[in-house]
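# Sharing a model prediction with you, sequence too.
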Amino acid sequence: MSKERDVAGAMSTRNDARNDAQNDAQNDGQLALELAVYAGGRVSRHPLPSEGRVSLGRSKENDVPIDDSSVSRRHALIHLGPRITIEDLGSANGTRLRRERTAGPTTKLLDLHLEQGKTMELSVGDAVNLGSALIVILPREGAVSAAPGQRPGEPIVIDPAMQKLYALAERVAGSPITVLLLGETGAGKEVLAEHIHRRSPRAQGPFLRLNCAALSESLLESELFGHEKGAFTSAGQAKPGLLETAEKGTVLLDEVGELPPSIQVKLLRVLEDRKVMRVGGLSPRPIDVRFLSATNRDLAAEVKRGAFREDLFFRLNGIALTIPPLRARTAEIAPLARAIADRTAAALGRRGPAFAPETIAALEAHGWPGNIRELRNVIERAVVLSGGDTLLPEHLLLDAAAGAAPAAAAPLTPMLDSGAAPAAPARAADEEAGAGRSGQSAGDLRRELDAIERRRIVDALEQCAGNQTQAAALLGMPRRTFVARLDAYGIPRPRKRKSNE
């Protein structure tokens with residue numbers, strides 16, 4: 001008991017300048033945070049608000065559902081504000097905080113059990129066990145800096161083309177012009193959008209990211225523009241739309257090329273009039289919002305084939321910024337990989353691993369069809385699998401067939417995307433080679449990851465009533481990649497329902 005009090009006292013008096021700086025930066029609106037959840041061999045990420053409460057548990061009614069049998073239905077609450085705390089809600093398997101504490105030349109891992117109804121203060125990077133699941137609060141994707149001289153929360157920008165792009169973005173940020181961000185899936189469009197927001201006069205206002213591909217047409221309209229009481233059967237009270245809640249801030253319309261035609265018309269009206277009409281409303285409401293949009297589609301080609309309105313394209317395309325793929329900026333691969341590895345190791349209560357020279361060479365030689373998203377998931381998986389102080393090439397489990405840069409029309413293949421754990425379908429030759437390189441059979445691991453991905457694809461189709469576009473969006477996967485996965489795993493493609501059904 002005395003030992004536990006000593007540990008608790010040490011934790012309460014701990015003075016960690018790095019975490020204090022990160023918390024202060026988050027309070028000042030400079031550092032966006034996310035919650036990384038490691039459960040069942042998968043990792044998922046959930047953006048966190050600057051203040052409020054976030055519930056965690058196995059029930060789908062929680063803000064962050066965690067599909068793990070060791071997690072209680074309502075397990076814990078995270079309180080966000082000037083300080084971040086976690087509260088246990090009477091869980092069956094408990095809540096434990098794991099934190100490295102440095103005292104002189106030695107480092108030890110503190111492990112403190114949180115009693116029911118009690119709260120405990122968290123710092124960015126602290127690892128917390130909910131049963132056997134692991135959660136950690138981290139800077140949001142792209143907000144990790146590892147290059148010398150960079151400020152916390154700044155993206156890693158080393159490649160000359162990227163430096164020019166970010167310099168142009170900072171010049172654009174100070175104006176109200178609409179910006180269209182172009183680039184492959186996972187190249188960093190959202191990171192650049194947040195950078196523009198932070199450098200703009202609206203930096204103190206909200207930054208709202210809206211995935212246009214993730215919502216059905218009817219739901220998208222209600223979410224975007226809001227509705228009045230009684231506008232439809234379940235509208236028991238009036239609700240402001242997301243565009244209204246972003247007042248004085250910035251809205252990123254992600255996957256804007258997926259907008260259905262009817263919403264394109266209404267969005268064009270909003271851009272021209274700066275007013276929104278709620279569903280069931282009688283008069284428009286003025287809004288003060290700056291719009292950014294992002295897509296991996298060629299919108300000019302979409303306009304030519306009649307899938308996207310030309311007038312909306314011109315409105316969104318005040319200036320277009322194209323982000324080069326990761327394979328075209330190899331100078332950034334190593335520092336990005338090191339930053340991701342350090343962050344993942346901290347979440348697991350370990351020190352960041354070193355990279356063998358041949359590991360860096362393998363990373364720089366890979367084609368990265370999934371760009372930074374794929375790199376992040378490959379490195380996170382490698383850190384989890386390695387269990388040691390050095391990452392070796394066999395820990396990466398890179399698909400040799402994907403090593404070359406893909407052709408322009410090749411499908412993009414994100415691996416271990418947020419919430420899903422997709423890995424490329426296994427090939428027998430790769431399995432044999434992987435098994436020969438390490439003591440653990442790489443083939444067995446690939447088969448396990450394939451089984452996980454296949455199950456999640458089937459589950460997503462069931463949740464979306466067979467709608468492939470919505471299921472792909474639910475998994476954060478480009479639709480053409482999703483369709484390719486259906487064929488690879490032998491999953492029957494759902495037939496479209498007849499109109500009279």
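Looks like it arrived, so ask away. Residues are numbered from 1 along each chain as shown.

# mind checking how far Arg202 is from Val179?
Going from Arg202 to Val179 by CB to CB, to the nearest Å gives 13 Å. The way it works is simple: take the backbone N, C-alpha and C, and place the C-beta from them, glycine included.

# Of the two, give the one with the bigger neighbour count.
Val179 (24 against 20; other CB atoms under 10 Å).

# Am I right that that one is in contact with Ile319?
Yes: using CB atoms under 8 Å, Val179 is in contact with Ile319, at 5.7 Å.

# For those two, list the residues in contact with both.
Val172 (CB atoms under 8 Å, 6 or more residues apart in numbering).

# so where's the stretch 301-450 of the chain uncertain?
Within the stretch 301-450 of the chain, the stretches with pLDDT under 70 are 387, 399-450.

# what ranges do the strands span in it?
Counting by DSSP state E, counting those that start in this stretch, the stretch 301-450 of the chain has strands at residues 319-322, 354-355, 390-391.

# Nearest to Arg455 among those would be which one?
Smallest distance to Arg455 across the strands of the stretch 301-450 of the chain (CB to CB): 28.3 Å, for strand 390-391.

# what residues does the closest one touch?
Outside strand 390-391, the residues touching it (CB under 8 Å, 6+ apart) are 341, 353-356, 359, 379, 382-383.

# so which of these is the most crowded?
Taking other CB under 10 Å as the neighbour criterion, Ile379 ranks highest of the contacts of strand 390-391 with 27 neighbours.

# That residue against Ala341, yeah?
Yes: counting by CB under 8 Å, Ala341 is a contact partner of Ile379 at 5.3 Å.

# quick one, strands of the stretch 101-250 of the chain?
So, for the stretch 101-250 of the chain - with DSSP E, counting those that start in this stretch - the strands run 106-114, 119-122, 127-130, 133-139, 179-182, 207-211, 226-227, 239-240, 250-254.

# what's the closest of these to His75?
strand 127-130 (5.1 Å).

# count of neighbours near the residue nearest to Ala354 when sequence neighbours are not counted?
Once flanking residues are discounted, Ala354 sits nearest to Thr390: 4.8 Å by CB to CB, 6 or more residues apart in numbering. Thr390 has 11 neighbours, counted by other CB under 10 Å.

# Same check on Pro393?
17.

# okay but it is in contact with Glu358, surely?
Yes: counting by CB under 8 Å, Pro393 does reach Glu358; the two are 5.4 Å apart.

# Need the residues touching each of these two.
Between them, Pro393 and Glu358 share no contacting residue, judged by CB under 8 Å, 6+ apart.

# Correct me if wrong: Arg209 contacts Asp254.
Yes: between Arg209 and Asp254 there is a contact under CB under 8 Å: 5.8 Å.

# Tell me the residues that contact both of these two, please.
Glu190.

# Comparing those two, which residue is more hemmed in?
Using other CB under 10 Å as the criterion, Arg209 and Asp254 rank with Asp254 on top: 22 against 17.

# Could you measure from that one over to Gly188?
To Gly188, Asp254 is 12 Å away according to CB to CB.

# Ok, Tyr166 next?
10 Å.

# who has more neighbours, those two?
Neighbour tally, Tyr166 and Gly188, criterion other CB under 10 Å: the higher count belongs to Gly188, 28 against 19.

# wait, what's in contact with that one?
142, 155, 323, 371-372.

# How about Leu461?
So Leu461 contacts 467-468, 471, 491, 494 (CB under 8 Å, 6+ apart).

# So of these, which two are at opposite extremes in space?
Maximum distance among the contacts of Leu461 (CB to CB): 14.3 Å, for Asn467 and Ile491.

# Who has more neighbours out of the two?
Asn467 (17 against 13).

# Tell me the pLDDT of the more buried one.
At Asn467, the pLDDT value in this model is 84.

# Ala345 versus that one, what's the distance?
39 Å.

# Return every residue with contacts to both of Tyr166 and Gly188.
Joint contacts of Tyr166 and Gly188 (CB under 8 Å, 6+ apart) are Pro155.

# looking at this, Ser44 is in a strand?
Yes: under DSSP: H, G, I helix; E, B strand; the rest coil, Ser44 sits within a strand.

# Could you give the number of residues near it?
Neighbours around Ser44, by other CB under 10 Å: 23.

# Correct me if wrong: it contacts Val37.
Yes: using CB under 8 Å as the test, Ser44 is close enough to Val37 to be in contact (4.9 Å).

# Tell me, how many residues neighbour the residue nearest to Trp368 when sequence neighbours are not counted?
Of all residues not flanking Trp368 in the chain, Leu326 sits nearest, at 4.4 Å (CB to CB, 6+ apart). Residues contacting Leu326 under the criterion other CB under 10 Å number 26.

# Val303 too?
16.

# In contact with it, which residues?
With CB under 8 Å, 6+ apart, Val303 has these contacts: 309-310, 313.

# can we see that at 7 Å?
The neighbours of Val303, taking CB atoms under 7 Å, 6 or more residues apart in numbering as the test, are 310, 313.

# what's the answer for the one 5 residues further on, then?
With CB under 7 Å, 6+ apart as the criterion, the residues that contact Phe308 are 257, 299, 302.

# Tell me how many other residues surround the second one.
What it means is Leu299. 22.

# contacting residues for it?
Leu299 neighbours (CB under 7 Å, 6+ apart): 257, 308, 313.

# how near is the closest residue in space to Ser69 that isn't next to it in sequence to Ala92?
In space, and not counting its chain neighbours, Ser69 is closest to Arg58: 7.6 Å by CB to CB, 6+ apart. Computed as CB to CB, the Arg58 to Ala92 distance reads 10 Å.
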